[in-house]
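Trainee: I need the structure of the sequence given here:
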Amino acid sequence: MKNFSKKLSQVKQYAGEKMGKVESHADNDSTKEIKEKLRHIKTEYSQMYTIGKQHAVETEKCTQNGTQFADVLTQFGSGFFSDQTVGEVLKKVGIQLKAVEQARQTCNVNSVQSLITPVGKFQDNEIKKARDAKHKQDTIRLKYDAALERLNEAKKKNDANSLKVKGMEQECADIKIEYDQVNSEFTQVMDHLVQEMNKQLVAELREYALQQLAFYKQAAALWEETSDVLNQFQA
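Mentor: Numbers count the residues shown, from 1 in each chain. Predicted coordinates:
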């Protein structure tokens, strides 16, 4: 019956927190801030990964449409206008456009590998470790908070030096030892998470920027070449 009462107090504590009627007295402001930081990192990484994948898919579609358009231009230039200047112009633009789209596709693939995929792996590994550590901490924290609440209620109904109150105080002290250990583990995991996130994100973004820069330089060179050729033609 005693264990059932403890379990019931933990359920009550959990339900009260979810409804915003009860706050944790076990976690200090620093621990609450760390948990909020984890929630923020988890949310932002999820958005980066999801939106990043969508962007890559849309870029692939754009590349496919651009390639089809290039083929249409080339085909038109090789057909009805094959013996006219405009036919040569159409073919030239079609060939260059296809080269640009091929470069865009390569950039897209490399960009996914340099940023989007690593973000997904970081979620599956580092963030998951931190979430597991938080879950373990929350389990003990809830137990500790419920014990503190039972102690507070007991003090309202019994003498502060009574055996019941003293027994509950010892129970809280015992749980706090376990709580402090688990809380320390969670803090260490979060410190490692933030360090790895900062280090990896900078490296990944640097590589992503290099991929984008390489593509736009190549695209600019191709279109500059095309422009020079087109200027030689007279309509």
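
Trainee: since we're on S46, how many residues are nearby?
Mentor: Applying other CB atoms under 10 Å, we find 14 residues neighbouring S46. Quick note: C-beta positions are derived from backbone N, CA and C, even for glycine.

Trainee: if I look at it, how far off is K53?
Mentor: 11 Å (CB to CB, to the nearest Å).

Trainee: can you check T85 too?
Mentor: Going from T85 to K53 by CB to CB gives 45 Å.

Trainee: Between those two, which has more neighbouring residues?
Mentor: K53 (15 against 11).

Trainee: How about that one, nearest residue that isn't a chain neighbour?
Mentor: Distance criterion CB to CB, 6 or more residues apart in numbering; nearest residue to K53, sequence neighbours excluded, is I116 at 6.0 Å.

Trainee: residue contacts, the one you found?
Mentor: 48-49, 52-53, 56 (CB atoms under 8 Å, 6 or more residues apart in numbering).

Trainee: Show me the shaky parts of the protein.
Mentor: 1-22, 80-83, 234-235 (pLDDT under 70).

Trainee: which strands and helices sit next to the helix ranked longest in it?
Mentor: Longest helix in the chain, counting residues (DSSP state H): helix 163-230. Applying 3 or more CB pairs under 8 Å, 6 or more residues apart in numbering; DSSP states H and E, one finds that helix 163-230 contacts helix 29-78, helix 85-111, helix 117-122, helix 128-157.

Trainee: Serialize those to JSON lines and add fields for distance to S227.
Mentor: As requested, the helices and strands packed on helix 163-230 are exported to JSON lines (distance: least, CB to CB, whole Å):
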{"stretch": "helix 29-78", "distance to S227": "16"}
{"stretch": "helix 85-111", "distance to S227": "10"}
{"stretch": "helix 117-122", "distance to S227": "36"}
{"stretch": "helix 128-157", "distance to S227": "51"}
